[in-house]
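[1] Fold the stuff below for me.
(3 chains)
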Amino acid sequence: MNYILNSIPFRTQKPRNTGYTMAMDKGLSLREVEDFLESNGDYVDIVKLGWATSYVTSKLKEKIDIYRSAGIPVYFGGTLFEAFIVRNQFDDYRRLLDKYKLSFVEVSDGSITLDHDEKCEYIRTLAKDVTVLSEVGSKDAAKIIPPYKWIDQMQKELSAGAWKVIGEAREGGTVGLFRDSGEVRQGLVEEILTQVPEEKILWEAPQKEQQVWFIKLLGTNVNLGNIAPNEIIPLETLRLGLRGDTFDFFLDK
Amino acid sequence: MNYILNSIPFRTQKPRNTGYTMAMDKGLSLREVEDFLESNGDYVDIVKLGWATSYVTSKLKEKIDIYRSAGIPVYFGGTLFEAFIVRNQFDDYRRLLDKYKLSFVEVSDGSITLDHDEKCEYIRTLAKDVTVLSEVGSKDAAKIIPPYKWIDQMQKELSAGAWKVIGEAREGGTVGLFRDSGEVRQGLVEEILTQVPEEKILWEAPQKEQQVWFIKLLGTNVNLGNIAPNEIIPLETLRLGLRGDTFDFFLDK
Amino acid sequence: MNYILNSIPFRTQKPRNTGYTMAMDKGLSLREVEDFLESNGDYVDIVKLGWATSYVTSKLKEKIDIYRSAGIPVYFGGTLFEAFIVRNQFDDYRRLLDKYKLSFVEVSDGSITLDHDEKCEYIRTLAKDVTVLSEVGSKDAAKIIPPYKWIDQMQKELSAGAWKVIGEAREGGTVGLFRDSGEVRQGLVEEILTQVPEEKILWEAPQKEQQVWFIKLLGTNVNLGNIAPNEIIPLETLRLGLRGDTFDFFLDK
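    Below you'll find the model as predicted:
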């Protein structure tokens, strides 16, 4: 920190177990990655190469290497996993993870229909070699999954070996955990939290209001994801009660 | 491509006749242009310096040179053409094109009232020396042009020598082809396509939902424009069926 | 300017007294600052490090130095002032200004409740050493301040030594001067202008429609703030009547 302010809430430091921030890179150039890390490296715990952007990213290996040198793991968005699965290319996908020496992977079924046992089987298989993030929730706004199913799937996926489960929101923050308008499905989140440990969940929350809502519910060190590169520092100030939206929240505590 | 996925739709390669992507640069610095080209050079066919931003752009010549070295033509937004016309400075405009050695030009009447014969005359004159993109549609949301007029104007402008005609949307995507809300004027587009060859049209479609709509209507290799620099890679994944929105669309085909 | 267009409205040059543009930096890296200045240096008069982002900004001193070398003053967002005040750390705040050799400061009460006499006392104290921008308006959308109070506060803050007063809008442009929808509270602005000299006010106006509205009301050289880095050149074209929205406005004048 650049100066001393009293009564700042406790913020975990890297390597973090909670208070995780996942950033979404949807096509940064190598120099943009360097710039991003210079400003935000301390506040980013993991980077997702959004959906299947890695397919068309130039200098992919070099990009992953830059993140790796900064101590920040990279993983491919779940849509890429699904693109391989829907084409019966699971073995190719595993080879791809090897080729780029990725130690994290996302397993999701946001765009495909996947029997849940089969999904858990993929988690179990992959978890032998890498750390698995598994995602619950559909990318289809019309597919509303009731809370008990979210809970059941999250629990089973954790049992199958997922390190954390991700609550789906997409890049825009308008599906899954959220309504079309971006508003949080509050009942859903609260019901999930009665059954799944908070530290095992990474909430996708790309919009500021969504981040504020989660910080007010779960505190400074809530795990948040799908944060745009230029919103990492703004998020960090929200976590610390140093932006209007959360300014009062941590005072007198 | 960085790895092999089966059943990816055929995508044209540069130099493209169809499947054109036009990016809008509204003030990138030289280094930002270099970064942009490193990541997106293969997916961008032409760059528009948005409206009259070139008037206040520093190092304009150097910027155009960087694009030229990458084999990507640059043109000034149509609003600049109109700014010269409304001031009776057409000859100055031609000298300007010469000065910067531009081989593409846009002729439009989105902000001025221009007799259509006169517009075609400008196209005819300019087409002797450079490649002309002509734009149909008003920037004024209140000026609704009926489909038969769009078609008539497009046909006449192509006859006058326009290489392609552009469907107007502005940077935001809320006029011309689209309603205030950004929704596509579907009937308009479909009626245009009964009379004007698809490959002769470049659709301005800055919003993701608009891009998805055109890709579903006209396929991977539809010509799209007014794409923001950081949305080029996302668009490319939409074209290839590698993002949630078009994920199913090219499978089983 | 890169070429000659007739009938362009008179635009003040740096160092400006009116026609001021304040940009908001919410986390640029050093190289991004360099890029920003290369393209926009002539059009930016002052830079605000948004709210308390300076707390978590890496290489803060180097960043301020780059701006300083370009002749552009930097100041901390008002929320930082408030964060020190609410913690009874005013003396620390003054030492902070010294440490970074800042010659501008913002005094505001958008997130805290501050007796207005006390606010003016802070302005008076700080104005002995640095140039004070004082901000009127709450960040709380529910707190509607009636026009007569805006005027009274602005007048008193100017009397206390504020160089200019800022009309609050936040980064998004949805509070203070504006409704939730971003629409300008026109009656408020017009009433303020009957009592406070236009050149003493800096209007926060992050959205394009807001900028257009102020330019049409007060002309090319209105003072505008909270402009995102990549919207500086677009704003400059609006000021000059070189974008669709203001294209007609300065012709025939």
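[2] and the stretch 101-250 of chain A, which of its residues are near chain C?
    Counting by CB under 8 Å from any CB of the partner chain, the residues of the stretch 101-250 of chain A close to chain C are A:N230, A:I232, A:I233, A:P234, A:E236, A:T237, A:L240, A:L242, A:R243, A:G244, A:F247, A:D248. (Each C-beta comes from the backbone N, C-alpha and C, glycine too.)
[3] and the residue of the stretch 51-200 of chain A found nearest chain C, how many residues sit next to it?
    Ranked by CB to the nearest CB, the top residue of the stretch 51-200 of chain A for proximity to chain C is A:A70, at 12.4 Å. When neighbours are defined as other CB atoms under 10 Å in any protein chain shown, A:A70 has 16 of them.
[4] Remind me which helix or strand the closest residue to it other than its chain neighbours belongs to.
    Of all residues not flanking A:A70 in the chain, A:L37 sits nearest, at 4.8 Å (CB to CB, 6 or more residues apart in numbering or on different chains). For A:L37, the host element (DSSP states H and E) is helix A:30-40.
[5] one step back: if you look at the residues of the stretch 101-250 of chain A next to chain C, which of them are in strands?
    Judged by DSSP state E, strands contain none of those.
[6] what's the distance between A:R31 and B:D65?
    Using CB to CB, to the nearest Å, we find A:R31 at a distance of 19 Å from B:D65.
[7] Between these two, which has more neighbouring residues?
    A:R31 (19 against 16).
[8] Phi, psi for the spatially most central residue of chain A please.
    In chain A, the centroid-proximal residue (CA atoms, centre = their mean) is A:G225; its distance is 3.6 Å. Per-residue torsions, A:G225: phi -140, psi -180 (degrees, to the nearest 10).
[9] I'd like the distance between it and C:E209.
    Counting by CB to CB, the gap from A:G225 to C:E209 is 32 Å.
[10] check contacts around the residue nearest to A:V212 when sequence neighbours are not counted.
    Spatial nearest neighbour of A:V212, excluding adjacent residues (CB to CB, 6+ apart): A:D245 at 4.6 Å. With contact set as CB atoms under 8 Å, 6 or more residues apart in numbering or on different chains, A:D245 has these partners: A:K208, A:E209, A:V212, A:L238.
[11] What's the ChimeraX line that selects buried ones from those?
    Buried members of those, defined by 16 or more other CB atoms under 10 Å in any protein chain shown, are picked up in ChimeraX with:
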select /A:208,212,238
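[12] Out of the contacts of A:D245, give me the two with the largest separation.
    Across the contacts of A:D245, the longest distance by CB to CB is 10.4 Å; it joins A:E209 and A:L238.
[13] Surely A:L97 forms part of a strand?
    No: looking at A:L97 with DSSP: H, G, I helix; E, B strand; the rest coil, it is helix, so not inside a strand.
[14] That one reaches A:D91, doesn't it?
    No: contact criterion CB atoms under 8 Å: A:L97 and A:D91 do not qualify, at 10.9 Å.
[15] in the stretch 1-150 of chain A, what spans have low per-residue confidence?
    Scanning the stretch 1-150 of chain A for pLDDT under 70 picks out nothing.
[16] ditto for the stretch 151-253 of chain A
    For the stretch 151-253 of chain A, the stretches with pLDDT under 70 are A:253.
[17] interface residues of it facing chain B?
    Taking CB under 8 Å from any CB as the test, the list of the stretch 151-253 of chain A residues beside chain B reads A:R170.
[18] can you give me the helices in the stretch 151-253 of chain A?
    If DSSP state H, counting those that start in this stretch is used as the criterion, the helices of the stretch 151-253 of chain A fall at A:186-195, A:208-218, A:232-239.
[19] now the stretch 1-150 of chain A
    Along the stretch 1-150 of chain A, the segments classed as helices by DSSP H, counting those that start in this stretch run A:30-40, A:60-69, A:78-86, A:90-99, A:116-127, A:147-159.
[20] Tabulate the helices of the stretch 151-253 of chain A (TSV), appending distance to B:G78.
    Formatted as TSV, the helices of the stretch 151-253 of chain A follow (distance: least, CB to CB, whole Å):
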stretch	distance to B:G78
helix A:186-195	47
helix A:208-218	35
helix A:232-239	36
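[21] Among those helices, single out whichever gets nearest to A:R87.
    Among the helices of the stretch 151-253 of chain A, the nearest to A:R87 by CB to CB is helix A:186-195 (31.7 Å).
[22] quick one: buried residues of the closest one?
    Neighbour counts over helix A:186-195 (16+ other CB under 10 Å) mark A:L188, A:V189, A:E191, A:I192 as buried.
[23] now do stretch A:59-74
    Buried positions in stretch A:59-74, judged by neighbour count with 16+ other CB under 10 Å: A:L60, A:K63, A:I64, A:D65, A:I66, A:Y67, A:A70, A:I72, A:P73, A:V74.
[24] go on, stretch A:156-167?
    A:K156, A:E157, A:L158, A:A160, A:G161, A:A162, A:W163, A:K164, A:V165, A:I166, A:G167.
[25] Could I get the CA-only coordinates of that stretch as CSV?
    This file holds the C-alpha atoms of stretch A:156-167, laid out as CSV (Å, rounded to 0.1, in the frame of the first residue of the first chain):
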residue,chain,number,x,y,z
LYS,A,156,-21.1,-33.7,-6.1
GLU,A,157,-18.5,-31.9,-8.1
LEU,A,158,-16.5,-31.0,-5.0
SER,A,159,-16.7,-34.7,-4.0
ALA,A,160,-15.5,-35.7,-7.4
GLY,A,161,-12.4,-33.7,-6.8
ALA,A,162,-13.1,-30.1,-7.9
TRP,A,163,-10.9,-27.7,-6.0
LYS,A,164,-13.5,-24.9,-6.2
VAL,A,165,-16.9,-24.6,-7.9
ILE,A,166,-17.6,-21.6,-10.0
GLY,A,167,-21.0,-19.9,-10.2
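[26] Adding distance to B:T21, write the helices of the stretch 1-150 of chain A out as a markdown table.
    A markdown table is the format used below for the helices of the stretch 1-150 of chain A (distance: least, CB to CB, whole Å):
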| stretch | distance to B:T21 |
| --- | --- |
| helix A:30-40 | 20 |
| helix A:60-69 | 20 |
| helix A:78-86 | 21 |
| helix A:90-99 | 26 |
| helix A:116-127 | 35 |
| helix A:147-159 | 38 |
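[27] Point out the most buried one among the ones you listed.
    Highest mean neighbour count among the helices of the stretch 1-150 of chain A (mean count of other CB atoms under 10 Å in any protein chain shown): helix A:78-86, with a mean of 24.
[28] List of residues touching it?
    Helix A:78-86 is touched from outside by A:51-52, A:54-55, A:90, A:92-93, A:96, A:105-112, A:114, A:122, A:135, A:166, B:5, B:242-244, B:247, B:251, with contacts defined as CB under 8 Å, 6+ apart.
[29] Of those residues, just the buried ones, PyMOL syntax please.
    Remark: buried members of the contacts of helix A:78-86, expressed as a PyMOL selection using 16+ other CB under 10 Å:
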select buried, (chain A and resi 51+52+54+55+93+96+105+106+107+108+109+110+111+112+114+122+135+166) or (chain B and resi 5+242+243+244+247)
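[30] Up against chain B, what does the stretch 1-150 of chain A have?
    Contact residues, the stretch 1-150 of chain A versus chain B (CB under 8 Å from any CB): A:26-32, A:50-60, A:79-80, A:82-84, A:86-87, A:89, A:92, A:96, A:99, A:110-112, A:139.
[31] what do you get if the cut-off is 6 Å, keeping everything else the same?
    Counting by CB under 6 Å from any CB of the partner chain, the stretch 1-150 of chain A comes close to chain B at A:26-27, A:29, A:31-32, A:51-53, A:55-56, A:58, A:60, A:83, A:87, A:96, A:111, A:139.
[32] Good, we can wrap up now.
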